[in-house]
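**Student:** Here is the input, now give the coordinates:
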Amino acid sequence: MEQECMSQETAQWLFEEGAMLVFLDVPEGTEFGMDCNSWEVGPKFKGVKMIPPGVHFIYYSARDKRSTQLAPRTGFFHTFSRKEVLVKRWDEAAEDINSSPVSSDEQERIESNRKELDRFMGAYPYESYKKWVSLTNHMSSDLIHKLSPVSGRICSAPPLESNPSDTASRMKSPPPPVSKTRPTERDLMDMKSIPGSEIRFSEITSHKFPVGSTPGEITRHLLDCSYSLRSLLDANYPSDASLVLGEIQFAFVCFLVGQVYDAFDQWKKLTKLMCSCESAISQYPDLYLQFITLLHYHIREIPEDFFVDIVTSDNFVVAVLRSLFANMFDSQADGNLKGRGLKFKEHLEKKYKWDLNADTDEDAPVIVQ
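**Tutor:** Predicted coordinates:
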């Protein structure tokens, strides 16, 4: 993707109006990242300055001092306002961010010392900001709050806690906390997922047709998944259908940057559902125009090795794109949408050498009699 260089005017604006993340006491060697960028923490690191206001994803991985291996990635979304100073402190015992907010006195002291902190702060890498916006432009603060775990933390591996002890002696002498970077097999066997740590994705209904449908109607709904899409929109985004694009982006970022496999699964489910509709395409033309753009950026941002090994190995992307284009060209959508779809199809076929023409004989659905 084309990189956006920062002009002198933009740099000055971000210096005066940009946000700041102050991250204190982070051990040297920790992996720290924001959006599409990651670094290894050095001895003088105290955070990031000149952050463009808006949605950002902050993440980190503790490093084992003995093996130097990194713990599973943990992160959180935050919507920065202009000139905001967000202060976080590392908890060495938990190998994580301290869950307690800093005191108002410390917050005030840090904000008043912004100039002194400046030399310990890394500048936000603005050259990657355009790419980040293309991956998150449908995500709002409300949507992020709706989908994020109750804990607020998004973990690449499910966070675990010890099962309650069933003996008085263990109650009196609880086991020491388990290191995030080196749990033993016995530790894992004696632990369970922490409630409230799961991402709250929308549930895709298993009912693909209305109750009481005739055999002919069932066949139509199995061929055209618009009923399932409308059910999802009515249940989760009744006032604005385009918010489903925000959830697709949320899932993609959690997968691509947060390394959450369950998010990849949700991205696949929602992408397949959107591509498996025909009548919904003409009902929501603006939604599908934006969906084409979304797919364009997602396909180009998947790492090449992962793309080959995971996505194309089961032909998922090619299969859903074939469905999308077949449904779009068969639908009653206007010429503008079909024209955009055709250009997108030709672009993908040229760049990736994919055959995106639908094969009507392969995987044909069963007709209900």
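**Student:** Just give the number of residues close to residue 55.
**Tutor:** Taking other Cβ atoms under 10 Å as the neighbour definition, residue 55 ends up with a count of 24. Glycine gets a C-beta too; all of them are placed from N, C-alpha and C.
**Student:** what packs against the strand or helix carrying it?
**Tutor:** Under the criterion of DSSP states H and E, residue 55 resides in strand 54-61. Using 3 or more Cβ pairs under 8 Å, 6 or more residues apart in numbering; DSSP states H and E as the contact criterion, the elements in contact with strand 54-61 are strand 31-34, strand 74-80, helix 129-136.
**Student:** The closest residue to residue 140 other than its chain neighbours in helix, strand or coil?
**Tutor:** Ranked by Cβ to Cβ, 6 or more residues apart in numbering and with sequence neighbours excluded, the top spatial neighbour of residue 140 is residue 246, at 6.5 Å. Each residue gets one of three states, and residue 246 gets helix by DSSP: H, G, I helix; E, B strand; the rest coil.
**Student:** Touching, residue 246 and residue 139? I think so.
**Tutor:** Yes - under the criterion of Cβ atoms under 8 Å, residue 246 makes contact with residue 139 at 4.6 Å.
**Student:** Just say helix, strand or coil for residue 253.
**Tutor:** Residue 253 carries the three-state label helix when classified by three-state DSSP.
**Student:** Could you count how many residues lie near it?
**Tutor:** Using other Cβ under 10 Å, residue 253 has 26 other residues around it.
**Student:** ok, now which ones touch it?
**Tutor:** Neighbouring residues of residue 253 by Cβ atoms under 8 Å, 6 or more residues apart in numbering: 57, 135, 136, 139, 263.
**Student:** quick check, nearest of the residues you listed to residue 352?
**Tutor:** When the contacts of residue 253 are compared for distance to residue 352 (Cβ to Cβ), residue 135 wins out at 19.6 Å.
**Student:** Just the pLDDT for the closest one.
**Tutor:** According to the predicted model, the pLDDT of residue 135 comes to 98.
**Student:** list the contacts for residue 107?
**Tutor:** Shown in contact with residue 107 (Cβ under 8 Å, 6+ apart): 85, 87.
**Student:** doesn't it fall inside a helix?
**Tutor:** Yes - per three-state DSSP, residue 107 lies within a helix segment.
**Student:** which intervals of the stretch 151-300 of the chain have sub-threshold pLDDT?
**Tutor:** Along the stretch 151-300 of the chain, the model assigns pLDDT under 70 to residues 162-191.
**Student:** what do you get if the cut-off is 50, keeping everything else the same?
**Tutor:** Applying pLDDT under 50 to the stretch 151-300 of the chain picks out residues 169-170, 188.
**Student:** Dump the contacts of residue 253 into JSON lines; add neighbour count and distance to residue 119 as well.
**Tutor:** As requested, those are arranged in JSON lines below (neighbours: other Cβ atoms under 10 Å; distance: Cβ to Cβ, whole Å):
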{"residue": "57", "neighbour count": "24", "distance to residue 119": "26"}
{"residue": "135", "neighbour count": "22", "distance to residue 119": "31"}
{"residue": "136", "neighbour count": "21", "distance to residue 119": "30"}
{"residue": "139", "neighbour count": "23", "distance to residue 119": "33"}
{"residue": "263", "neighbour count": "23", "distance to residue 119": "37"}
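**Student:** Turn the residues you listed into TSV, including distance to residue 319.
**Tutor:** As requested, the contacts of residue 253 are exported to TSV (distance: Cβ to Cβ, whole Å):
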residue	distance to residue 319
57	29
135	23
136	26
139	27
263	20
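**Student:** circling back: give me the buried stretch members for the strand holding residue 55, please.
**Tutor:** Of the residues in strand 54-61, those buried under the neighbour-count criterion (16 or more other Cβ atoms under 10 Å) are 54, 55, 56, 57, 58, 59, 60, 61.
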